[in-house]
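Visitor: The sequence and its predicted three-dimensional model are supplied below.
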Amino acid sequence: MAKTPEALYEEKTKRVMDVVQLKVPDRVPFMSFVNFFHAKYGGITCEEAMYDHDKLATAAKKTIMDFDLDMYNNPFPLVALGPILETLDCKFLAWPGGTLSPHNSYQFVENEYVKAEEYDDLLFDPTGFMLRQFLPRAYGALEPLQQLPQLPSIYYTRFLSGTAAFASPEVSGALDALVKAGTEAQQMLGKAMAFAREMKALGYPSQVGGVAYAPYDYIGDFLRGTHGIMIDMYRVPDKLLQAMEKLIPFILQGAISPARKTGVPFIFMPMHKGLDGFMSPDQFKTFFWPPLRKVILNLIEEGFIPMVLWEGDCTSRLETIKDIPKGKAIYWFERTDIFKAKKILGDTVCIRGNVPATLLCVGSPEDVETYCKKLIDEVGRGGGFILDGAIGMPDEAKPENVKAMADTTKKYGVY
């Protein structure tokens with residue numbers, strides 16, 4: 001007798017929660033984070049996925065159900081961004097429908113939007129800094145916002161005359177762009193909520209309630225760039241540490257608010273610049289881990305489950321990152337020695353990963369099955385393991401290889 005969607009939803013949720021809590025589940029969960037694989041699999045272009053909400057929903061639903069994911073990531077907030085990016089003239093992404101081929105996924109374009117001498121501006125007034133300095137540089141349509149006055153400086157009747165700044169044609173145009181982008185964002189989020197309701201009704205829980213960053217990555221990815229922040233560790237270390245501390249409450253608020261609205265407890269946390277080779281162990285212990293650990297601990301205290309994606313190879317960091325409460329988070333590894341991670345972290349945190357992208361894209365189903373079985377047998381021993389691609393489902397993964405990955409949990413992963 002087929003299970004009802006309600007029973008399926010509860011079964012999948014319990015399976016994942018059991019491994020998070022380091023319990024032995026009924027079987028190893030299979031989850032995957034999807035960017036544009038559903039577009040390729042569903043027969044649409046990446047451009048269509050970014051601009052056509054209905055086509056995206058159809059392709060994503062097909063992917064989730066065909067491979068019977070235990071949890072899925074809602075595609076809309078990550079993919080359906082084309083009209084918004086276009087309206088705001090976004091500088092830090094190149095996307096299909098913009099400057100890229102319709103068949104290419106979007107690419108992050110790193111830049112140094114903030115100078116080292118501007119740390120004091122960020123520390124003094126983070127909101128004013130973002131409004132008048134960062135946003136005008138990161139979005140072409142918002143460049144006129146740099147003309148706005150510092151709002152705390154126009155008090156009492158000075159505010160009344162100060163509103164003249166908003167009447168300039170340039171600022172008015174920037175505000176119009178914000179309204180247009182906001183309308184497009186409302187439409188996208190409405191589709192996202194409808195998609196989540198549909199998938200829940202079919203028995204599929206969501207794996208992302210909100211997103212949080214390591215404070216170091218927040219500054220390195222979006223403000224200073226990789227080169228800039230590496231120099232800052234030597235030239236202005238105190239300013240860098242102060243800025244990261246200043247950003248922690250905003251990072252937490254940005255993650256917790258949507259998670260509370262959706263009721264999904266998992267907070268996705270992609271790590272970019274703390275991997276081996278990007279900084280020394282001492283620098284990791286000074287600049288990267290302490291502020292990140294504060295974010296993780298605060299999320300746990302608020303009842304959420306940090307799902308930390310350690311991109312690249314972080315094998316040398318394993319002993320350091322063990323220092324969190326037991327059974328409260330997921331560590332997802334890309335190229336870290338996942339078998340060593342199991343030995344060091346297996347009694348502390350649920351481990352996720354790490355079928356290589358190369359294997360999923362160019363290997364055979366037999367190769368995938370062999371590697372997945374090894375992961376299940378060794379990393380899955382005693383529970384506390386989620387099977388996934390090393391960094392989710394590659395856009396170019398062979399469908400037969402994804403199916404092989406999904407099937408191994410049912411063939412070999414039953415406890």
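Guide: That came in fine, so what should we check first?

Visitor: CA atoms only for the helix or strand of the chain with the lowest mean pLDDT, dumped as PDB, please.
Guide: Ranking every helix and strand in the chain by mean pLDDT, DSSP states H and E puts helix 157-162 at the bottom, with a mean of 92. Extracted in PDB, the C-alpha atoms of helix 157-162 (Å, rounded to 0.1, in the frame of the first residue of the first chain):
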ATOM      1  CA  THR A 157      13.100  70.700  10.200                       C
ATOM      2  CA  ARG A 158      16.400  69.800   8.400                       C
ATOM      3  CA  PHE A 159      14.800  66.600   7.500                       C
ATOM      4  CA  LEU A 160      12.000  68.400   5.800                       C
ATOM      5  CA  SER A 161      14.300  70.400   3.600                       C
ATOM      6  CA  GLY A 162      16.700  67.400   3.300                       C
END
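
Visitor: Now do the helix or strand just after it: which elements does it pack against?
Guide: Sequence-wise, the next helix or strand downstream of helix 157-162 (DSSP states H and E) is helix 169-201. Judged by 3 or more CB pairs under 8 Å, 6 or more residues apart in numbering; DSSP states H and E, helix 169-201 is in contact with helix 53-66, helix 76-79, helix 82-88. Every C-beta, even on glycine, is put in place using the N, C-alpha and C of the backbone.

Visitor: from the chain's centre, how far out does helix 169-201 sit?
Guide: The chain centroid and the centroid of helix 169-201 are separated by 19 Å, computed with CA atoms, centre = their mean, to the nearest Å.

Visitor: Next, the angle from that helix to helix 53-66.
Guide: Orientation check (axes from the mean of the first three to the mean of the last three CA atoms, to 10 degrees): helix 169-201 against helix 53-66 gives 30 degrees.

Visitor: Give the buried residues for helix 169-201.
Guide: Within helix 169-201, the residues scored as buried using 16 or more other CB atoms under 10 Å are 171, 174, 177-178, 180-181, 184-185, 188, 191-192, 195-196, 199.

Visitor: for stretch 279-299, same thing?
Guide: Those would be 279, 283-284, 286-289, 291-292, 294-299, for stretch 279-299 by 16+ other CB under 10 Å.

Visitor: Could you do stretch 390-399 as well?
Guide: 390, 391, 392, 393, 394, 395, 397, 398.

Visitor: same check, this time on stretch 102-121
Guide: 104, 105, 106, 113, 114, 118, 119, 121.

Visitor: so when I look at the fifth one, I'm seeing a strand, right?
Guide: No. Per DSSP: H, G, I helix; E, B strand; the rest coil, residue 114 lies outside any strand segment and is coil.

Visitor: Contacts only, for it.
Guide: 122, 133, 134, 137, 223, 224, 228 (CB atoms under 8 Å, 6 or more residues apart in numbering).

Visitor: how far is whichever strand or helix holds residue 400 from where the chain is centred?
Guide: Using DSSP H and E, residue 400 maps to helix 399-412. Its chain's average C-alpha position is 24 Å from that of helix 399-412, according to CA atoms, centre = their mean.
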